[in-house]
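1. Everything below, folded, please.
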Amino acid sequence: MAPPAYSAGPRLLLLLRLLSTSTEAAVAAAVPTAPTPAAAAAAAAAAKAGKKKDPWPLYPRLSALGRVGEGSVSRVLNKWVREGGTPRSDDLVKHARKLRKYKRHAHALELMDWMVNARGMNMSHTNHAIRLDLIYKVRGLGAAENYFAGLPDPAKNHRTYGALLSCYCSAKMEEKATDLYHKMEELGIPSCKLAINNLMSLYVKLGRHGKVDGLFEEMKMKNVQPDNLTCCILMTSYAASNKIDAIEELLKEMVEKDVALEWSAYSTLASIYVNAGLVEKAESALKKLEGLVVADDGRQPFDFLMSIYASVGSLSEVNRVWGVIKAKFSKVTNTSYLGMLQALYKLNDIDRMKQIYMEWESNYESYDVRLTNMMISGHLKIDMTEEAESLWEKAKEKGAEFDSKTCDLFLHHYMGKGDMNLALNWVENTTKLPKKAGRLDQDKIHKFQKYFEEHKDADGAERFCNCLRMLGCIDGKAYESLLRTYLAAGKKNSSLRQQIKDDKIEICYDIGKLLKRMGDKGR
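-> Sure, this is the predicted structure:
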């Protein structure tokens, strides 16, 4: 019997991270690295000899900004300069790259904008590529295209074209991506593995697996050497087509081509085997994964190990890897704590989750609502509703703020239990979130409306309509349901017609008919 078809979704997240890292490495190759130990020692000696002492280093100040919004980076930079800091282009770009590595895209872009706008620094071709990528991530594709169009001709080279191609692939703009790729060929820009990897990743996301195969053949024809990322993308594509044998043949081919496979390749392979029910092969791949981890890989490989060991049901291995993380790194990050909680959640080990959460609570440097949400999920999963609510109340006492995930967790739970009044409280909490974060799908809206009509709860229906108004999704159907609820409850509301007008809802035939039944003669 053939193994079950593989879902590419979870592995795509890893591929996108790998592709982003690969792109960054390609466009930033010309950026100088941090000073050597010898240079640092010389600088320290010079300081001791009487030179002016540098102020508090810049990057820790930028790192400490967390999620603070627009303008914060410029304020930090200006203050640093006033205190004696010396802005050097190479150092600032290094900081921007580090911010980008940790997904602080808006801060990285603001730093690069400050370099140009406040200090008049010139962008190298490499820096243009980094800035273009950041503009796409922060301001969207149109802004990135405009930036590229405004570059001087010498700056439109393989790096900036490659960065724009990466934007198109990330945005799933197939036609624009392929047109740009062909234009690069016409301009004599050699095909490289980064560009082809980007296109292959695009086709994986689009489910166009035949195109992935075609690009791999093109790679061979043009003598473009594949790399670790190429292998990951191809394995994901083959798995989506349930071609497990092809994956194993691919691995042999990579060995023959002397492709240096990294831990991420075996993470992809192990995940594929798990989804195919091949547990022993998955565990073998995980052992190879762990053997390939190097110091520069950081914590991410171990986070993946915990996740995949949890998927095969191995609590002992999850605990062993957690011990490796704690022994190997002087500081355990919020992300690693979250990964451990997620692994234990998969294993239904709520008691161990509590231990890890309490350990995090006593050690964290910055609060992360994701961990509290994970613990709430663990409690709600086994119907420990009071414990979940208590956990959230304690978090609030410490100054924590809920996010859309917190609202979704409680909302889904209470709706599932049929307690629509408690669920409505969490809809009201949703309205307090930033506009883009608050959301409510049509299925939930319909269930609330049906409940209020059946229970003749006009007050609840009115509260719900007020939530829809605040969420920007009030419409004629919502008012029809509200009117039906009032009629079912035998109540009247003389201000409803004006409310409908104030919300700029057309009083159609059905709404007009319901208003008349309520005794509203209209004006």
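2. so Leu483 sits right up against Gly512, yeah?
-> No - applying CB atoms under 8 Å as the test, Leu483 and Gly512 come out as separate, 10.1 Å apart. In short, each C-beta sits where N, CA and C put it, glycine included.
3. Those two: which is more packed in?
-> A side-by-side neighbour count of Leu483 and Gly512, using other CB atoms under 10 Å, places Leu483 first with 24 against 15.
4. Okay, and the more buried one sits in which element?
-> Using DSSP states H and E, Leu483 sits in helix 476-489.
5. And the contacts of whatever helix or strand comes next after that helix?
-> Following helix 476-489 in sequence order, the next helix or strand is helix 496-502 (DSSP H and E). If you take CB atoms under 8 Å, 6 or more residues apart in numbering as the criterion, helix 496-502 is touched by 479, 482-483, 486, 507, 511, 515, 518, 520, 522-523.
6. how about 7 Å then?
-> Helix 496-502 is contacted from outside by 479, 483, 507, 511, 515, 520, 522, using CB atoms under 7 Å, 6 or more residues apart in numbering.
7. Quickly note the distance from Ser170 to Asn146.
-> Remark: distance between Ser170 and Asn146 (CB to CB, to the nearest Å) = 17 Å.
8. Neighbour count for these two, which is higher?
-> Ser170 (21 against 11).
9. pLDDT weak spots in the chain?
-> For the chain, the stretches flagged by pLDDT under 70 are 1-56, 67-70, 435-438, 521-523.
10. follow-up on the earlier one: what comes into contact with the helix holding Leu483?
-> The contact list for helix 476-489 (CB under 7 Å, 6+ apart) reads 449, 452-453, 456-458, 461-462, 465, 468, 492-493, 496, 500, 505-506, 508, 510-511, 514-515, 517-518.
11. Just these: which are in strands?
-> Among the contacts of helix 476-489, DSSP state E puts none in strands.
12. which among the residues you listed end up buried?
-> With burial judged by 16 or more other CB atoms under 10 Å, the buried subset of these is 449, 452-453, 456-458, 461-462, 465, 468, 496, 500, 505, 511, 514-515.
13. Just the closest of the residues you listed to Val255, please.
-> Among the buried ones among the contacts of helix 476-489, Leu468 lies closest to Val255 (CB to CB), at 58.5 Å.
14. measure the closest one to Glu428 for me?
-> With distances taken as CB to CB, Leu468 is found 11 Å from Glu428.
15. Can you show me the helices along the stretch 401-523 of the chain?
-> Taking DSSP state H, counting those that start in this stretch as the criterion, the stretch 401-523 of the chain carries its helices at 404-417, 420-430, 442-454, 458-471, 476-489, 496-502, 509-517.
16. any idea how far stretch 337-346 is from the chain center?
-> Relative to its parent chain, stretch 337-346 has a centroid offset of 17 Å by CA atoms, centre = their mean, to the nearest Å.
17. nearest residue to Lys156 other than its sequence neighbours?
-> Nearest-residue entry for Lys156: Phe148, 7.3 Å, with adjacent residues in sequence omitted and distances by CB to CB, 6 or more residues apart in numbering.
18. which residues touch the one you found?
-> Residues near Phe148 by CB under 7 Å, 6+ apart: 132, 160, 164.
19. Pipe these into TSV and attach neighbour count, secondary structure and distance to Met221 per row.
-> Below are the contacts of Phe148 laid out as TSV (neighbours: other CB atoms under 10 Å; DSSP: H, G, I helix; E, B strand; the rest coil; distance: CB to CB, whole Å):
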residue	neighbour count	secondary structure	distance to Met221
Leu132	27	helix	30
Thr160	22	helix	26
Leu164	26	helix	25
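20. in stretch 461-477, what's buried?
-> Along stretch 461-477, these residues count as buried under the neighbour rule (16+ other CB under 10 Å): 461-465, 467-468, 470-471, 474, 477.
21. Identify, from the buried ones among the contacts of helix 476-489, the entry nearest to Lys211.
-> Nearest to Lys211 out of the buried ones among the contacts of helix 476-489 is Leu468 (CB to CB; 42.5 Å).
22. show me what contacts the closest one?
-> Counting by CB under 7 Å, 6+ apart, the residues that Leu468 touches are 474, 478.
23. Next, find the distance separating it from Arg61.
-> Remark: distance between Leu468 and Arg61 (CB to CB) = 43 Å.
24. And the helices in the stretch 201-350 of the chain?
-> Taking DSSP H, counting those that start in this stretch, the helices of the stretch 201-350 of the chain run over residues 209-221, 228-240, 244-256, 263-275, 279-292, 300-311, 315-328, 334-346, 350-363.
25. what about the ones you listed, which gets the closest to Arg370?
-> Closest to Arg370 of the helices of the stretch 201-350 of the chain, according to CB to CB: helix 334-346, at 5.5 Å.
26. circling back: redo the helices of the stretch 201-350 of the chain as JSON lines? Include mean neighbour count.
-> Output for the helices of the stretch 201-350 of the chain, formatted as JSON lines (neighbours: other CB atoms under 10 Å):
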{"stretch": "helix 209-221", "mean neighbour count": "16"}
{"stretch": "helix 228-240", "mean neighbour count": "25"}
{"stretch": "helix 244-256", "mean neighbour count": "15"}
{"stretch": "helix 263-275", "mean neighbour count": "25"}
{"stretch": "helix 279-292", "mean neighbour count": "17"}
{"stretch": "helix 300-311", "mean neighbour count": "22"}
{"stretch": "helix 315-328", "mean neighbour count": "16"}
{"stretch": "helix 334-346", "mean neighbour count": "22"}
{"stretch": "helix 350-363", "mean neighbour count": "15"}
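27. Great, nothing more from me.
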